[in-house]
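Visitor: I need the structure of the sequence given here:
(chains A and B)
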Amino acid sequence: MIWRGVIDLSNRRQRFEIWSVISIVLLLLFGVFLVYPTSMLLRNAFITDKSSFTFDNFIKFFSKPYYYNTIINSLKVSLAVTVVSLLIGVTVSYFYSFYRLKGARFILVASVLCCMSAPFIGAYSWILLLGRSGAITVFLKKLGISIGSIYGFGGILLVQASKLYPLVMIYMNGMFNNLDNSLMEASANLGCSGAKRFFKVVLRLSMPTILAAALLVFMRAFADFGTPLLIGEGYRTFTVEIYTQFLSETGANYGFASAISVIAIILTAVIFLLQKYATSKFSFTMNALNPVEKKEPKGLGGILMHIYCYLVVAVSLLPQIYIIYVSFRNSKMGVFQKGYSLANYKSAINKLLLRATKNTVVVGVIALMAIILLAILISYLVVRRSNALNHTIDTISMLPYIMPGSVIAIALVIAFGRKPLVLTGTLAIMIIAVIIRRLPYTTRSATATLIQIPLSIEEASISLGASKMKTFFGITVPMMSNGIISGAILSWVSIVTEVSSAVILYNNKSITLTVGTYAAVNRGNFGEAAAFASVTTVLTAISLLIYLKLNKGGRIEL
Amino acid sequence: MKKLLSIVLVLVMILSLSACGNKTQGNSSGTNTPASTPAADTSSATNTPAAEEPKPELLSGTVVIYSTQTDTDHEVFLDIFHKYYPKVEVEFISGSLGELIARVEAEKDNPQADIIFGGLSQTDGDQYLHLLQKYTPKYADQCAVESNGYYTYFAYQYVCLLKNTELMKELGVDVKGYADLLQPELKGHIILADPSATSSAWRQLQTMLALMGNEFGDDKAWDYVKKLMENCDGVITTSSSTVYKSVYNGEYAVGLTYDNGAISLLMNGADNVEIVWPDEGNTVCAFASAMVKDCPHPELAAAVLDVLSSAEFQLAREKAAGSKGPNTTYVNEESYFPADIDKGVVDLDYAALAAKKSELIEKWTDLWASVNK
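Guide: Next up is the predicted model:
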């Protein structure tokens, strides 16, 4: 077994070097674009109309079960979603990575597509399918089977798990690809193979990635408000409460809402630090010189494997397919008419469908490049230059994860709505919001990957005369590429589905696809909304296929 | 050094994006409008724009409307607006009132919107006035509702119940008013919305408190509300459109909703639902639009509000969307409302409602929490 702890270099290098400069630059960037806007908003937490500095808002939150139960509910459902997503994601990824499944590429693309619908559309589609009068419910009733209610805890679990298991799967794919086959062979030689080897060797080696994936799934489930909003039906969650308090029609209470947001941030920070601690217990390195070779699935086990994977994908993809079907049905303001046509698409084009598509791509590409660069830099600082400052940068970059996008958007508008830096109404502010919100994915996967790369390779390069930067971009980054790319795909997917911050920031010049969907839903035009949503699905499918095509040389998988 | 340079270049790129952004912002204000650049010139427009006749041929540019309204409302508005002001482009940004208010509030120092269309109501009191501009629209004297100087009322909202006729048959009961909602057969088949989240649910609460007691909001009325909550069996939603949509979809047998939503279903061909105008009576509340304070195009905004206050617009809207308007000079022959709807209407004390809003909603919230322990 090759184990090696992460070497703490902070003692060795006290002098001012290129990485210290990068630390400071990053800190400044986060300071201006993240800390300043949000702190301006959050100091409202301590203000009520009765006094200008008080903890009353916090006391109000913790004194009524109506409010603090929302945290407990959110924690419960997020934990359940994490466990289920891990189970499904790890198993599907294992079959995908270690066996040559038929239609493997389809499984991958379909899984990623599941992550991708705007939350309210996905939940609405599930209601149309499995609600009290849903298409499937009615069909099953005819067969005499009655399924329980899709609303509440169960519904949230189903919708979120089917959307989030691909996150786990993609992370694990990156991880399994890096697995050193010689370790697997050695273990088989020593008499441990099959399921036993899976639990004793593979899982333990994958722990950093599993923990990274678990954290992301948990946070994503916790921070999701679109799904519980539609399908929670009385099961009150935390982020819905924040959203309601900030944006309620019947009396927004900024002070109270800010107080809840502060509580959320503290919770996030705690969970995040716990995860960092857990990850540090699993540090070791491997080199990927011997990638695992895929086996041919045989016999009954093989058939079951295929059925399992296809079933998972089919269930998760169902709502998206149903939305595409709905987009071709004639409808007027939510009431379905007879017949099918392209009417919804025509009306969507009138409502800026083409411009929205262009904006989505532009915002996506720029944001993605910025995110990849920042994530790589942060992961290096955290892993190889581990000190208090860098850990602070890391934690700050994770905090926006829990804050509802609308809150971040409000903070940005307030901060950058006036001179000297006026960004409101531009694509730039939407890009910044997206970068702030979506950086964590790639950072986490980059960090998890970098932890496993042995220091000796970098040291060899430096001792052969290459500069630190050259080593970094020439050697370290390519070795990290699997992990980076898996995180980048997820960032791309989540950038394309960004809606909660965009609705506050957009105008008709910077409109994106998901905002178009949301606006159409708001105006009561569900056919048009379905058209926008379908185009989003197609766009992501195309971008995934392009990526897979480009990556053909060598390996088909990520 | 090279890498440092590339980082600096990235920063420069980001900053230059914001520079282009500013230019497009300037251009979007339109070509001929007088107050085209933000910040500098709009301070001169803080005086109330005179309600004089804007010459339609001269008005051009783009007016930005933050709207809570539906496509139908937008189409009706554009038809009439472009008749009088053919050169003015209209840009709609849709959202819930909460989101739009949050945007306007956040954009205070550099307002992007000209008009807030819909969502504002008689029971707001003065909570939004600090964001708005005083304006009296052209046809203000034809409006049955007295304005506070900022609001331009364009629609009435009555509340109603919506029932799914097929499900009602299955359950074997019927609903003619609020009292019928307490029938045990309906337990778990009722849907209502959360008054702390949507104004239509707040309207429903106002109505129940006004109709179901001897006095507004007395113990008898709250007792009814409690029994209704018990019959709802924990079912509630935060979206007003979910209420009528889910009755139409067959998820629930009856929903507590509002006139516009229910009527729009019928107008679009839904044949499995029926509107129930409650036996006990009804209450009315007027909804409004308003001009945003220091908006970028005050003259265009004035034109918009003038059109909204007109009988022509309100009649067309009632024909297309179903809900009545407060302009007294028109009559709609083919209305979805029963002719005697106003007979059972109970007056509301709007000022008192505005003052007690958070107290009443909090009482509702606490009651709901205790019923659903």
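Visitor: in stretch B:123-134, what counts as buried?
Guide: For stretch B:123-134, the neighbour count (16 or more other CB atoms under 10 Å in any protein chain shown) marks B:123-125, B:128-129, B:131-134 as buried. Where you see a C-beta, it was placed from the backbone N, CA and C, and this is true even at glycine.
Visitor: How are the strands of chain B distributed by residue range?
Guide: B:61-67, B:88-94, B:115-121, B:132-133, B:151-164, B:190-191, B:254-258, B:273-276, B:284-292 (DSSP state E).
Visitor: Can you spell out which helices and strands pack onto the last one?
Guide: What that stands for is strand B:284-292. In terms of contact count using 3 or more CB pairs under 8 Å, 6 or more residues apart in numbering or on different chains; DSSP states H and E, strand B:284-292 is assigned the packing partners strand B:115-121, strand B:132-133, strand B:151-164, helix B:298-308.
Visitor: I'd like to know which of the ones you listed is closest to A:Phe33.
Guide: strand B:115-121 (29.1 Å; CB to CB).
Visitor: which residues touch residue 264?
Guide: Using chain A. A:Ala264 sits next to A:238-239, A:242, A:402-403 when contact means CB atoms under 8 Å, 6 or more residues apart in numbering or on different chains.
Visitor: Oops, wrong one, chain B.
Guide: With contacts defined as CB under 8 Å, 6+ apart, B:Ser264 is in contact with A:333, A:524, B:70, B:72, B:321-322.
Visitor: Which stretches in the stretch 1-150 of chain B count as helices?
Guide: For the stretch 1-150 of chain B, applying DSSP state H, counting those that start in this stretch gives helices covering B:2-28, B:71-84, B:97-106.
Visitor: buried set for the last one?
Guide: Applying a neighbour-count criterion of 16+ other CB under 10 Å, the buried positions in helix B:97-106 are B:97-106.
Visitor: On the pLDDT front, check A:Thr357 for me.
Guide: Each residue has a pLDDT score; the one for A:Thr357 is 90.
Visitor: what about residue 155, how many residues close to it?
Guide: Using chain A. A:Gly155 has 24 neighbours, counted by other CB atoms under 10 Å in any protein chain shown.
Visitor: that answer is for a different chain, and I need it for chain B
Guide: 24.
Visitor: and what of A:Ile145?
Guide: So A:Ile145, with other CB under 10 Å, has 9 neighbours.
Visitor: Could you confirm it falls within a strand?
Guide: No - assignment of A:Ile145 by DSSP: H, G, I helix; E, B strand; the rest coil gives coil, placing it outside any strand.
Visitor: Look up how far B:Gly250 lies from it.
Guide: For A:Ile145, the distance to B:Gly250 equals 18 Å [CB to CB, to the nearest Å].
Visitor: how many neighbours does A:Gly37 have?
Guide: In this structure residue A:37 is Pro, not Gly. 22.
Visitor: Checking it next. Helix, strand or coil?
Guide: Quick answer, by three-state DSSP: A:Pro37 is helix.
Visitor: what's the closest of the buried residues of stretch B:123-134 to A:Leu27?
Guide: Nearest member of the buried residues of stretch B:123-134 to A:Leu27, counting by CB to CB, is B:Leu131, at 35.9 Å.
Visitor: Could you measure from the closest one over to A:Leu229?
Guide: When distance is defined by CB to CB, B:Leu131 is 26 Å away from A:Leu229.
Visitor: What of A:Ser78?
Guide: 15 Å.
Visitor: Can you flag the weakest of the helices of the stretch 1-150 of chain B by average pLDDT?
Guide: Across those, the lowest-scoring stretch is helix B:2-28, with a mean of 52.
Visitor: quick revisit: mind picking the two most distant members of the buried residues of stretch B:123-134?
Guide: Among the buried residues of stretch B:123-134, B:Thr123 and B:Gln133 lie farthest apart (CB to CB), at 20.9 Å.
Visitor: thinking again about what came up before, which ones among the contacts of A:Ala264 lie within helices?
Guide: A:238-239, A:242 (DSSP state H).
Visitor: Buried only: go through those for me.
Guide: Applying 16+ other CB under 10 Å to these, the neighbour count classes A:238-239, A:242 as buried.
Visitor: so A:Ile263 touches A:Phe58, yeah?
Guide: Yes - between A:Ile263 and A:Phe58 there is a contact under CB atoms under 8 Å: 7.1 Å.
Visitor: on that earlier part again, and of the contacts of B:Ser264, the nearest to A:Leu464?
Guide: Nearest to A:Leu464, judged by CB to CB, of the contacts of B:Ser264 is A:Gly524 at 66.2 Å.
Visitor: Tell me how far B:Ala144 lies from B:Asn327.
Guide: Distance check for B:Ala144 against B:Asn327: by CB to CB, it reads 8 Å.
Visitor: between the two, which one's more packed in?
Guide: Set side by side, B:Ala144 and B:Asn327 show more neighbours around B:Asn327, with 22 against 12, by other CB under 10 Å.
Visitor: Quick check, pLDDT for that one.
Guide: Model confidence at B:Asn327, given as pLDDT, is 90.
Visitor: Next: A:Gly553.
Guide: Turning to A:Gly553, the model gives it a pLDDT of 35.
Visitor: quick revisit: out of the ones in helices among the contacts of A:Ala264, which are close to chain B?
Guide: With CB under 8 Å from any CB of the partner chain as the criterion, the ones in helices among the contacts of A:Ala264 include none near chain B.
Visitor: JSON lines for these, including distance to B:Thr62?
Guide: Shown next, in JSON lines, are these (distance: CB to CB, whole Å):
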{"residue": "A:Phe238", "distance to B:Thr62": "40"}
{"residue": "A:Thr239", "distance to B:Thr62": "35"}
{"residue": "A:Ile242", "distance to B:Thr62": "34"}
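Visitor: can you redo these as a markdown table with pLDDT?
Guide: Putting the ones in helices among the contacts of A:Ala264 into a markdown table (pLDDT from 0 to 100) gives the following:
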| residue | pLDDT |
| --- | --- |
| A:Phe238 | 81 |
| A:Thr239 | 78 |
| A:Ile242 | 78 |
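Visitor: What is the nearest of those residues to A:Ile372?
Guide: A:Thr239 (27.3 Å).
Visitor: now the residue nearest the centre of chain B: how far from chain A?
Guide: Closest to where the C-alpha atoms of chain B average out (CA atoms, centre = their mean) is B:Gly119, at 2.7 Å. For B:Gly119, the distance to chain A equals 7 Å [CB to the nearest CB, to the nearest Å].
Visitor: returning to that earlier point: ok, and which of the buried residues of helix B:97-106 reach chain A?
Guide: Among those, the residues that sit close to chain A (CB under 8 Å from any CB) are B:97-99, B:101-103, B:106.
Visitor: Out of those residues, which is nearest to A:Ile71?
Guide: Nearest member of those to A:Ile71, counting by CB to CB, is B:Gly98, at 22.0 Å.
Visitor: measure A:Glu185 to A:Phe95 for me?
Guide: In terms of CB to CB, A:Glu185 sits 20 Å off from A:Phe95.
Visitor: neighbour count winner among the two?
Guide: For A:Glu185 versus A:Phe95, neighbours defined as other CB under 10 Å are more numerous around A:Phe95 (20 against 13).
Visitor: For the more buried one, give me its contacts.
Guide: A:Phe95 sits in contact with A:101, A:297, A:305, A:308-309, where contact means CB under 8 Å, 6+ apart.
Visitor: What remains of those if I keep only buried residues?
Guide: Among the contacts of A:Phe95, those scoring as buried are A:101, A:297, A:305, A:309 (criterion: 16+ other CB under 10 Å).
Visitor: Could you tell me which of those belong to helices?
Guide: Per DSSP H, the buried ones among the contacts of A:Phe95 map to helices at A:305, A:309.
Visitor: Which two of the contacts of A:Phe95 have the greatest separation?
Guide: A:Pro297 and A:Tyr308 (11.2 Å).
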